[in-house]
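*Asks:* just need the structure, nothing else, for what follows:
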Amino acid sequence: MTTTTRSDVRPDPPHSPGPDDGSLEAFGYRQELHRSLGRYASFAAGFSFISVLTTVFQFFAFGYAFGGPVFFWAWPAVLAGQLLVAACFAELAARYPISGAIYQWSSRLSTPSFGWFAGWIMVIGQVVVVAAAALALQMVLPAIWSGFQLIGTDPAPTSPDGAANAALLGVLLLALTTLVNVLDNRVMSVVNRVGVTAEIIGAVLIVVLLLTHSERSPSITFHTEGAAQEGLLGALLVGSFAAAYVMIGFDSAGEMSEETHHPRRTAPRTILTALGAAGLLGGLIVLGGLLAAPSLTDGRLGVDGLSYVLTSSLGDGVGKALLADVVVAITVATLAIQTAACRMLFSMARDGQLPFSGRLARVNARTGMPSAPALVVGVLAAALLLLNFASPEAFLAIGTTCIVMLYLAYAMVTGPLLVRRLRGQFSSAGTDETGAPLFSLGRWGIPVNALALLYGLFMTVNLAWPRAAVYDPAGGHWYFQWFTVLFLAVTVGAGLAYRTYRAGTTTVPETAPEAVPEPATG
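*Replies:* Numbers count the residues shown, from 1 in each chain. Purely as a prediction, here's the structure:
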């Protein structure tokens, strides 16, 4: 096993097209992960992380409770903002087809230290996302069969019984996904592809059935009842949490670049198509739920969410069959998010940038999987779930914290990228594995990049803002009101402590990848 420290990383190579992008060695790394993913599997990696069924079902009730019907309009706004970010990432995926995308991109665009913090914040955020995704089972399984309520009798995730049961179901799911993540790259790919196919079919069926069972017209989305508590603007800002939670993780196609055939050509396209498909389907499901709900005023839509709409409007048989499909989506989403976090840990450890790097960077030659990162992510995510036993407010705190962490990490890529563009130091000229031009924004690069950065910073502040009505509605839990800010501060503080310790125990200087040659044109 050959490990590479940041100071040993070679300059970006001129790209020579090949059947499987042999330029990985020129970046300073050996091909150890098994390159077996095609275009659909790459799309599945991004789509399953987003997992529109998982996230919409998990956060619909929250969005409606704070925004009322008008919260629907936060959806297209967030989709537009994230498409700007995804367009920037598509350029970088073509140029740097390496695992640990956010870490690698930020390091090469700025400095190794800045890139390290981007990777550190991203991987901690991914661990929190894994925990949040696993909690989503509570929104679905008890609605299918009351026997899945293993603790207490109240299935609402905001109740003590529901919160504890959500943690138990989540830990069981994490045990399963951790097992798959250590088995084999091909097993993981098959599970992903089958799960995503089932999710897309289920999402389309849900959209069609909800729209054909409408109780009201789309004009209801302009009604502001239910948004009075926060005011219209406040309702939209809080309601945007649901859309923001759904539309993250599209960069996973870039995370899997070292396992993808023709990554320079494939990853940029699958990043954009995964986000676009999830954004469209999710928006239609939200609209369909608002139109088909038996009542907008009985309070159930803001508590039970879409599970209530499906079983009430479509009947127990059809509704529960579709909810079973949502369970598949949640399982595959948790698996995909855990896989992305494993690749980030592997990439940073391979550069010697984490504690126990040698163990974390070790790839099983038979399976092509880094097993230790899977165990680390699974255990840490399970530990986070224990917070749900302490208080139901942990459900929302965990969900919003993971979004903030990822949005901040994204901004730590789009920011340095914009600086490079303004200095005239970034060019996406070059060719992919087939000899076609690399994906490029061309003259739209600077305006798209600038808007992507502004959007990301605005949403980071919006999501982290310690609103008592959102994070501590019952009062008396100041630590949940400030949970996101405190968690981010602890993450950065722990990172600083490790970097300080590491600087005092090594004499190897870090060198920033400045003046990096661009991929060869032609």
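
*Asks:* distance of the nearest residue to V207 once chain neighbours are set aside relative to Q82?
*Replies:* Spatial nearest neighbour of V207, chain neighbours left out: L284 (4.5 Å); criterion: CB to CB, 6 or more residues apart in numbering. Glycine gets a C-beta too; all of them are placed from N, C-alpha and C. L284 is 17 Å from Q82, where distance means CB to CB, to the nearest Å.

*Asks:* more neighbours, these two?
*Replies:* Q82 (28 against 19; other CB atoms under 10 Å).

*Asks:* I'd say the more buried one and V246 touch.
*Replies:* No: Q82 is not in contact with V246 according to CB atoms under 8 Å; the separation is 9.4 Å.

*Asks:* can you tell me the SS state at the residue nearest to V207?
*Replies:* Classification of L284 using DSSP: H, G, I helix; E, B strand; the rest coil returns helix.

*Asks:* and the one 10 residues further on, by the same measure?
*Replies:* Judged by three-state DSSP, the three-state class of P294 is coil.

*Asks:* from V303, how far off is it?
*Replies:* 14 Å.

*Asks:* neighbour count winner among the two?
*Replies:* Neighbour count, other CB under 10 Å: between P294 and V303, V303 has more, with 16 against 13.

*Asks:* need phi/psi at the more buried one.
*Replies:* For V303, the backbone dihedrals are phi -120, psi -50 (criterion: degrees, to the nearest 10).

*Asks:* so who does it touch?
*Replies:* 61, 65, 156, 158 (CB atoms under 8 Å, 6 or more residues apart in numbering).

*Asks:* among those residues, which ones are in helices?
*Replies:* 61, 65 (DSSP state H).

*Asks:* which two among the contacts of V303 are spaced furthest apart?
*Replies:* A65 and A156 (11.8 Å; CB to CB).

*Asks:* more neighbours: these two, which one.
*Replies:* Taking other CB under 10 Å, A65 and A156 do not tie; A65 has more neighbours (21 against 17).

*Asks:* the nearest residue to the more buried one once chain neighbours are set aside: what secondary structure?
*Replies:* Residue nearest to A65 in three dimensions, not counting chain neighbours: G302, with 3.5 Å by CB to CB, 6+ apart. When classified by three-state DSSP, G302 comes out as coil.

*Asks:* again with A474
*Replies:* The three-state label given to A474 by three-state DSSP is coil.

*Asks:* you'd agree L380 is up against V127?
*Replies:* Yes: look at L380 against V127 with CB under 8 Å: they come within range, at 4.9 Å.

*Asks:* more neighbours: which of these two?
*Replies:* Neighbours of L380 and V127, each counted by other CB under 10 Å, are more numerous for V127; the result is 25 against 17.

*Asks:* contact partners for that one?
*Replies:* With CB under 8 Å, 6+ apart, V127 has these contacts: 341, 377, 380-381, 384.

*Asks:* dump the residues you listed to CSV, plus secondary structure, distance to L169 and pLDDT.
*Replies:* CSV is the format used below for those (DSSP: H, G, I helix; E, B strand; the rest coil; distance: CB to CB, whole Å; pLDDT from 0 to 100):
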residue, secondary structure, distance to L169, pLDDT
A341, helix, 20, 94
V377, helix, 18, 96
L380, helix, 18, 95
A381, helix, 13, 94
L384, helix, 14, 89
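
*Asks:* list the contacts of N462.
*Replies:* N462 sits in contact with 237, 240, where contact means CB under 8 Å, 6+ apart.

*Asks:* for M405, see how far away it is.
*Replies:* As judged by CB to CB, N462 and M405 stand 14 Å apart.

*Asks:* R265 - how many residues pack around it?
*Replies:* If you count neighbours by other CB under 10 Å, R265 ends up with 24.

*Asks:* which two of the contacts of V127 have the greatest separation?
*Replies:* Taking CB to CB as the measure, these span a maximum distance of 12.4 Å, between A341 and L384.

*Asks:* can I assume A175 is in contact with G378?
*Replies:* Yes: using CB under 8 Å, A175 makes contact with G378 at a distance of 7.3 Å.

*Asks:* please say which of those two ends up with more neighbours.
*Replies:* Taking other CB under 10 Å, A175 and G378 do not tie; G378 has more neighbours (26 against 11).

*Asks:* in the host helix or strand of that one, what counts as buried?
*Replies:* For G378, the host element (DSSP states H and E) is helix 371-385. Of the residues in helix 371-385, 371-374, 376-378, 380-382, 384-385 count as buried by neighbour count, 16 or more other CB atoms under 10 Å.

*Asks:* for stretch 481-488, same thing?
*Replies:* Under the neighbour-count criterion of 16+ other CB under 10 Å, stretch 481-488 has 481-484, 486-488 buried.

*Asks:* okay, how far is it across stretch 417-436, tip to tip?
*Replies:* Terminal residues of stretch 417-436 are spaced 23 Å apart (CA to CA, to the nearest Å).

*Asks:* buried set for it?
*Replies:* In stretch 417-436, counting by 16+ other CB under 10 Å, buried: 417-418, 420-421, 426-428, 430-433.

*Asks:* same thing with stretch 67-82?
*Replies:* 67-75, 78-79, 81-82.

*Asks:* can you check stretch 116-135 too?
*Replies:* Those would be 116-135, for stretch 116-135 by 16+ other CB under 10 Å.

*Asks:* with stretch 450-460 instead?
*Replies:* 451-453, 455-457, 459-460.

*Asks:* following the helix or strand that contains L287, which helix or strand comes up?
*Replies:* Using DSSP H and E, L287 sits within helix 263-292. Sequence-wise, the next helix or strand downstream of helix 263-292 (DSSP H and E) is helix 305-313.
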